[in-house]
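> the sequence isn't on hand, but the structure is:
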């Protein structure tokens, strides 16, 4: 083997290892997120919260994420996505403290800080996925996001197991955090290293906002993030309060939703090879709206399961396509494009689950999902506009 062939083998091995490591990382992030969501009723009981007070947990996390998001583009452009991914250690370490705060003020402050580190980690990991897709020269982002929801499915199933075994939420979250730190330490060494340009390194701190077609994509992402965040955050509470399942079985809704989002994303990359992104987005929007209509049409478990299944398929390809479009814009790095999209769409996690909680506290959880359904229709309209702009331009 000559030197040139040896270098090709090393490059091939590097990108394969990076791909495997990132698949594990996406699984890990979904697993952590779902571990928290599956124990939302337990966290509510632990602190004696109303639905409105409980909704302040995702709200405060979103405040932290949103506050950090405008600066993420600058930071990832200056330091590179691999170095910035070290922030993952912080958010994993803070995770188990969610059930150890002595009062609500400190709990909400912790959630703000937690959200800041989640935001930094999220942008760096998604930017690394764009680098790997470019290295492979074919669509593979959907596979990464599929593993996030495989992780969510796994976290929800572990939640059901721990609830069945009556393991306290304090031990549950602590165990997940310890395992996550060990896994993250190992996989991070294989992430692709992005070399920031001299221009980005020298660039002064600047808040970046999307413009033109990127702004339209950002508002589609905003609606999608509200819907995705609302279904993920509140499906367990919905199954307990509306469908009247026990606390032990309530996470089954999150399992179903996560499983079918993952299922759709596994096939999303092959679909992206055949159809334009805007066509797939339009199909996703229609499926999501239909699924939400069925979910709130009745209180029987069959309505909820069918609705979560269809909306899960509908939401499956949304984020990978949006991140791919944002990460392949001219004159900006993948991380900067994703960060600019998240600057707008991040407000979805800020107001979405919080408004759901306020409406549910005033009426009930079923009524609050009418708000989510309305957003799915707005998202469909915006995607029609994007499709039309693609045809003209």
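Ah, there it is. Just so it is clear, the structure is predicted and the values come from calculations on it, not from any experiment. Residues are numbered from 1 along each chain as shown.
> so where's the stretch 101-250 of the chain uncertain?
194-211 (pLDDT under 70).
> wait, what's in contact with residue 20?
residue 190 (C-beta atoms under 8 Å, 6 or more residues apart in numbering). Using the backbone N, CA and C atoms, a C-beta is placed for each residue, glycine as well.
> how far away is the closest residue to residue 40 other than its chain neighbours from residue 226?
With C-beta to C-beta, 6 or more residues apart in numbering as the criterion, residue 40 has its nearest non-adjacent residue at 5.4 Å, and that residue is residue 236. From residue 236 across to residue 226, the span is 18 Å (C-beta to C-beta, to the nearest Å).
> same thing with residue 24?
28 Å.
> give me the more crowded residue out of the two.
Set side by side, residue 24 and residue 226 show more neighbours around residue 226, with 26 against 17, by other C-beta atoms under 10 Å.
> what about the more buried one, helix or strand, and which?
helix 213-241 (DSSP states H and E).
> so residue 167, which of the three states?
coil (DSSP: H, G, I helix; E, B strand; the rest coil).
> so that it lines up with my notes, have the first residue be 52 from now on.
Okay, residue one is now 52; in that scheme the one you just asked about reads as residue 218.
> for the stretch 152-301 of the chain, what spans make up the helices?
For the stretch 152-301 of the chain, the helices defined by DSSP state H, counting those that start in this stretch occupy 155-187, 192-215, 220-238, 249-253, 264-292.
> what about the ones you listed, which gets the closest to residue 323?
Closest approach to residue 323 among the helices of the stretch 152-301 of the chain is made by helix 192-215 (6.8 Å; C-beta to C-beta).
> helices or strands next to the closest one in the packing?
In terms of contacts (3 or more C-beta pairs under 8 Å, 6 or more residues apart in numbering; DSSP states H and E), helix 192-215 is packed against helix 54-89, helix 155-187, helix 220-238, helix 303-325, helix 369-378.
> all the helices of the stretch 302-444 of the chain, residue numbers only.
Using DSSP H, counting those that start in this stretch, helices in the stretch 302-444 of the chain cover 303-325, 328-346, 352-367, 369-378, 385-413, 416-443.
> nearest to residue 128, out of those?
helix 385-413 (5.1 Å).
> now the closest one: average pLDDT?
Mean pLDDT, helix 385-413: 72.
> redo the helices of the stretch 152-301 of the chain as a markdown table? Include distance to residue 357.
Below are the helices of the stretch 152-301 of the chain laid out as a markdown table (distance: least, C-beta to C-beta, whole Å):
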| stretch | distance to residue 357 |
| --- | --- |
| helix 155-187 | 31 |
| helix 192-215 | 18 |
| helix 220-238 | 30 |
| helix 249-253 | 48 |
| helix 264-292 | 13 |
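> closest to residue 333 out of the ones you listed?
helix 264-292 (10.2 Å).
> okay, now the closest residue to residue 392 other than its chain neighbours: neighbour count?
In space, and not counting its chain neighbours, residue 392 is closest to residue 377: 4.3 Å by C-beta to C-beta, 6+ apart. Residues lying near residue 377 (other C-beta under 10 Å) number 26.
> go through the helices of the stretch 302-444 of the chain and name the closest to residue 187.
helix 303-325 (10.2 Å).
> how far out from the middle of the chain is the closest one?
Distance of helix 303-325 from its chain centroid, counting by C-alpha atoms, centre = their mean, to the nearest Å, is 13 Å.
> picking that back up, buried stuff in the helix holding residue 277?
Within helix 264-292, the residues scored as buried using 16 or more other C-beta atoms under 10 Å are 265, 268-292.
> that one to helix 416-443, inter-axis angle?
For helix 264-292 against helix 416-443, the angle by axes from the mean of the first three to the mean of the last three C-alpha atoms, to 10 degrees is 160 degrees.
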